[in-house]
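Visitor: A predicted structure for the sequence below; I have some questions about it.
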Amino acid sequence: MPVWQSIYEELKSENFEIISVAQDTGGEEAAGYIYDDANVSYTAIIDVNHQISSIYNLVNVPSGVWIDEQGKIMRINEGTYAKEHMNGAWGTNDYVPIVRDWVKKGADSEYVWDRDKVRESIVQRTPEAERAQPAFRLGGYYFTNDNDEKAEQYWTMAQELDPTSWNYLRQDLLYEEGGSAGPEWRARREKIEGAGGNYYAPLEIENN
Amino acid sequence: MKTIRSIAGLTAVMLISGTLSAQSATVLYNERVVELEQTLPDATDLWVKPEDLTRVNDFVLKPEGACLDELCVPVLQDRDGAMFITRRGQAWFNVTELANKLQQAYVTDYNDGIWSFGTMPVTRQSFLRGGEAPDFELMGRDGELVRLSDFRGKKVLLLTWASW
């Protein structure tokens, strides 16, 4: 978060905005201090219903989307860290430079995707996965109204309807023993990666 | 024994009022939570008064049908049909039937009368087929409403993250 703030300071005068959206059912209490600690001055939102993941078909965090001056998507669905963490255990130093390149050069940036590549990169949902989103929303409604039993019921339903969503899984695990990055999450991740899948949609920076 | 009788009595009252008068319902759609005082009791579908339709999902019932901007789904209103019926002079509109027509997903807790609707595919074609960024409206931390469309003319880096 502090890194994004410094990028924002550097580039904001170039017709550039960062809209940062926390996918946190726990709301201000869960995520607010992280924005505060980084003194962010860009647009900050706490999205308790994960609406942005719903409408942009994103299944994990962090994820990034580039949107140009006319509202066209230029890149989407990438695991977008601002820097490497723990000596490269996760995160990347490769993303910020390409953001900078895009802000400076716009459509001439070599990192801008063509329309076909953008379309192909949008996650397609099955009809079941479409239902996962109102199920998750319903669980969140019960969570907010202190009905944990029904919250659990509909969050579980959301995970069953859309097993590709890490967001649904980890938001739910947060309120269970083991937490959002505990044994169950690790087992799920290893299973998917063992089958050749990705936890994060890979950054494709060299391919243009 | 007294308790049992009073519970039985209460249940009877609830059953009668439930069958005779319309029942309340809660609708979730995007960020909105809409409380409806009266819906038509139905085992599977959500029937609302036409004047409540717009509160529920932005559609407006017009002579030509249920309309959202330029899109209109035809609805016969001079006789009973799958989407529109009249009972005792009161018109009712079937929101779940409209959702089915639009392939809009929904999940219902029938016991509590809570209907949760997903995004509408018809509003998403430009995203799914054209790679246009879907607009959104969410409350910012500073209390100001954030609309993506307000940032036209700027490049926007949209980032999701989570505390968990």
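Guide: Now that the structure is in, tell me what you want to look at.
Visitor: can the lowest-mean-pLDDT helix or strand in chain A be found next to chain B?
Guide: Ranking every helix and strand in chain A by mean pLDDT, DSSP states H and E puts strand A:90-91 at the bottom, with a mean of 75. No: Strand A:90-91 is not in contact with chain B by Cβ under 8 Å from any Cβ of the partner chain; minimum separation 12.1 Å. In short, each C-beta sits where N, CA and C put it, glycine included.
Visitor: How far away from the center of its chain is the following helix or strand past that strand?
Guide: Next in sequence after strand A:90-91, counting helices and strands by DSSP states H and E, comes helix A:95-105. Centre-to-centre, helix A:95-105 and its host chain are 19 Å apart (Cα atoms, centre = their mean, to the nearest Å).
Visitor: List the contacts of the following helix or strand past helix A:95-105.
Guide: Once helix A:95-105 ends, the next helix or strand along the chain (criterion: DSSP H and E) is helix A:115-121. Contacts to helix A:115-121, defined as Cβ atoms under 8 Å, 6 or more residues apart in numbering or on different chains, come from residues A:73, A:74, A:75, A:76, A:77, A:113, A:201, B:128, B:129, B:130, B:131.
Visitor: Filter those residues down to the buried ones.
Guide: Buried positions within the contacts of helix A:115-121, assessed by neighbour count (16 or more other Cβ atoms under 10 Å in any protein chain shown), are A:73, A:74, A:75, A:76, A:77, A:113, A:201, B:128, B:131.
Visitor: Give me the spatial nearest neighbour of residue B:86, chain neighbours excluded.
Guide: Distances taken as Cβ to Cβ, 6 or more residues apart in numbering or on different chains put residue B:80 closest to residue B:86, at 6.9 Å, once the chain neighbours are dropped.
Visitor: picking that back up, minimum pLDDT in the contacts of helix A:115-121, which residue is that?
Guide: Of all these, residue A:201 has the smallest pLDDT value, namely 73.
Visitor: could you check the distance from that residue over to residue B:71?
Guide: 32 Å (Cβ to Cβ, to the nearest Å).
Visitor: do residue A:105 as well
Guide: Applying Cβ to Cβ, the value for residue A:105 to residue B:71 is 38 Å.
Visitor: which one's the longest helix in chain A?
Guide: When chain A is parsed with DSSP state H, its longest helix is helix A:127-144.
Visitor: helices or strands next to that one in the packing?
Guide: Here helix A:127-144 touches helix A:148-161, helix A:166-173, strand B:23-29, strand B:106-109, strand B:114-117, going by 3 or more Cβ pairs under 8 Å, 6 or more residues apart in numbering or on different chains; DSSP states H and E.
Visitor: 7 Å instead, please
Guide: Applying 3 or more Cβ pairs under 7 Å, 6 or more residues apart in numbering or on different chains; DSSP states H and E, we find helix A:127-144 packed against helix A:148-161, strand B:23-29, strand B:106-109, strand B:114-117.
Visitor: what's the angle from that helix to helix A:148-161?
Guide: Using axes from the mean of the first three to the mean of the last three Cα atoms, to 10 degrees, the direction of helix A:127-144 lies 160 degrees away from that of helix A:148-161.
Visitor: which residues touch helix A:127-144?
Guide: Here helix A:127-144 makes contact (Cβ atoms under 7 Å, 6 or more residues apart in numbering or on different chains) with A:25, A:48-50, A:54, A:150-151, A:154-155, A:157-158, A:161-162, A:164-165, A:168, B:28, B:105-107, B:109, B:114, B:116-119.
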